[in-house]
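# here is a sequence together with a model predicted from it:
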Amino acid sequence: MRKTILITGAGTGIGRDAAFALAERGHAVLATTFSASQADALRAECAQRCQAMEVFKLDITDAADRNLLLGRPIDVLINNAGLGESGSLAEVDVNRIRKVFEVNVFATLELTQVALKGMIARQSGTVLFISSIAGRLPMPFLMPYSMTKFALSAAAAGLRAEMDQLGKNVQIAVIEPGAIHTGFNQAMTDRKYAWMDESSYFFAQAKAMKVKEKRTFAFLEARDTRSIVAKIIAASEARRPRLRYVAPWIQGFGIRLARIFGA
Ligand SMILES: NC(=O)c1ccc[n+]([C@@H]2O[C@H](COP(=O)([O-])OP(=O)(O)OC[C@H]3O[C@@H](n4cnc5c(N)ncnc54)[C@H](OP(=O)(O)O)[C@@H]3O)[C@@H](O)[C@H]2O)c1
């Protein structure tokens with residue numbers, strides 16, 4: 001069945017690939033981007049790939065942009081837009097954490113509330129939250145980001161129970177990607193080095209830390225987005241999606257094992 005699917009942060013990475021994959025399956029995709037220039041670039045790519053898609057700028061922290069959804073029948077909202085942030089909780093400027101929460105949690109929730117108005121009224125709809133396996137396992141030096149994904153995964157589970165109780169056929173699910181090579185992890189881990197100077201508790205370790213992070217992500221990251229895009233498609237098209245979808249499976253399995261062993 002053809003659905004109208006709105007995806008945020010679709011100018012790059014997982015969101016962009018999911019938008020094309022969903023459009024190729026025949027869905028009416030509203031691919032929204034953080035900036036107007038990303039929207040222009042995505043429109044040009046659609047034209048080049050002969051792929052019909054409606055593309056517009058939607059900064060999820062901007063109330064006027066969020067209200068563009070009002071009155072539009074959206075079958076599936078995919079909350080994909082996200083920011084990364086890193087650094088030790090012992091010293092990172094809390095305003096940096098606040099900014100990530102603003103995008104990854106608060107603005108995401110505000111956009112969801114706008115979409116839910118229509119879904120509840122029409123008694124039909126699905127909301128997907130792109131969280132992370134970093135929302136299942138605390139990751140040292142990534143906690144400013146990891147905490148937002150813990151919050152998002154918890155919010156999705158709670159909202160799902162609330163929507164079930166309301167009984168208006170609104171489905172909620174969480175997509176938890178493992179490490180995937182989009183450039184997101186490299187940008188996120190690098191952010192802390194912009195402010196970690198001699199006064200940092202970890203200054204002496206910073207060089208070794210950088211090398212280790214680079215190696216870890218080079219080893220862990222899936223080279224492309226296919227496995228997670230497949231989960232996004234499955235959750236978008238399901239009548240009753242599962243609560244959680246994780247990919248690549250090996251990383252999900254690793255997280256489950258780590259949790260069993262008390263991580
Ligand atoms: N890649 C991974 O390993 C991984 C793992 C787990 C979870 N995730 C999650 O997957 C999602 C997509 O990540 P990705 O890897 O595809 O990285 P990405 O390419 O950086 O995608 C995130 C997108 O969100 C956009 N964005 C940022 N702030 C926004 C705002 N206020 N309003 C609208 N859009 C905004 C970004 O725009 P700019 O590029 O202009 O900042 C970017 O286009 C994120 O939620 C991320 O947390 C990724």
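Nice, thanks for sending it over. Numbers count the residues shown, from 1 in each chain.
# residues from this structure in reach of the ligand?
Within the chain, the positions adjacent to the ligand are 8-9, 11-15, 34-35, 59-61, 80-83, 103, 130, 132, 177, 179-180, 182, 184-185 by Cβ under 6 Å from any ligand atom. Bear in mind the C-beta positions are built from the backbone N, C-alpha and C, glycine included.
# need the contact partners of the strand or helix carrying residue 5.
Taking DSSP states H and E as the criterion, residue 5 maps to strand 4-7. Strand 4-7 has contacts (Cβ atoms under 8 Å, 6 or more residues apart in numbering) with 15, 18-19, 22, 27-32, 69, 72-78, 80, 115, 236.
# buried subset of the residues of the chain next to the ligand, written for ChimeraX?
ChimeraX command restricting the residues of the chain next to the ligand to the buried ones, with burial defined by 16 or more other Cβ atoms under 10 Å:
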select :8,9,11,12,13,14,15,34,59,60,61,80,81,82,83,103,130,132,177,179,180,182,184,185
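# which ones among the residues of the chain next to the ligand map onto strands?
130, 177 (DSSP state E).
# among the residues of the chain next to the ligand, which lie within helices?
13, 14, 15, 184, 185 (DSSP state H).
# pipe those residues into CSV and attach pLDDT per row.
Listed next are those as CSV, based on pLDDT from 0 to 100:
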residue, pLDDT
13, 98
14, 98
15, 98
184, 98
185, 98
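# count of neighbours near the nearest residue to residue 263 once chain neighbours are set aside?
Leaving aside its sequence neighbours, residue 263 sits nearest to residue 137 (Cβ to Cβ, 6 or more residues apart in numbering; 5.9 Å). Using other Cβ atoms under 10 Å, residue 137 is surrounded by 15 other residues.
# would you mind measuring from residue 137 to residue 239?
31 Å (Cβ to Cβ, to the nearest Å).
# in contact with the closest residue to the ligand within the stretch 51-200 of the chain, which residues?
Using Cβ to the nearest ligand atom, the point where the stretch 51-200 of the chain gets nearest to the ligand is residue 82, with a distance of 2.4 Å. Residues near residue 82 by Cβ under 8 Å, 6+ apart: 9, 103, 104, 130, 148, 184.
# also residue 19?
Residue 19 neighbours (Cβ under 8 Å, 6+ apart): 7, 10, 29, 31, 42, 53.
# got it, and residue 238?
126, 171, 173 are the contacts of residue 238 under Cβ under 8 Å, 6+ apart.
# most surrounded residue in those residues?
In the contacts of residue 238, the most neighbours by other Cβ under 10 Å go to residue 126, 26 neighbours.
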